[in-house]
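Chemist: Have a look at this prediction, sequence included:
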Amino acid sequence: MSAEMDNVQAAAAEPAAVKVAEKRGDRVLTGRVVSNKMDKTIAVLIERLVRHETYGKFLRRSTKLLAHDEKNEAREGDTVTITPCRPLSRRKSWRLLSVIERAAP
């Protein structure tokens with residue numbers, strides 16, 4: 001009985017937006033918020049490892065994306081998940097799904 005309750009609580013803890021995005025097959029990226037100085041917009045740094053074609057060494061590459069944060073809930077240093085959406089401005093075509101981990105105050 002308690003195992004079933006734990007599963008229900010774990011499912012309830014996961015944001016519904018993440019479930020909907022995964023169900024539709026949209027990309028879900030995880031990154032760190034580097035700026036939240038804009039109104040309803042955050043800048044998210046996405047880091048990835050890329051293997052060098054000739055030497056085989058792994059290089060760290062990063063991309064900074066602007067994402068829509070409707071409730072202004074993300075702060076600098078937070079780890080967040082974002083998903084694509086229709087273009088909201090010239091550079092902003094992602095939206096915030098959830099805040100995974102809060103930054104230390």
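Modeler: Perfect, thanks for sending it. Numbering: from 1, shown residues only.

Chemist: Quick check: which ranges of this structure have low pLDDT?
Modeler: For the chain, the stretches with pLDDT under 70 are 1-25.

Chemist: quick one: which helix or strand includes the residue nearest to the spatial centre of it?
Modeler: In the chain, the C-alpha nearest the mean C-alpha coordinate belongs to residue 81, at 1.7 Å (Cα atoms, centre = their mean). Using DSSP states H and E, residue 81 falls within strand 79-84.

Chemist: just to revisit the earlier point, quick one: the residue nearest to the centre of the chain and residue 95 touch, right?
Modeler: No. Judged on Cβ atoms under 8 Å, residue 81 makes no contact with residue 95 at a distance of 10.2 Å. C-beta: built from backbone N, CA, C; applies to glycine.

Chemist: Could you count how many residues lie near residue 55?
Modeler: 8 (other Cβ atoms under 10 Å).

Chemist: host element of it?
Modeler: Using DSSP H and E, no helix or strand contains residue 55.
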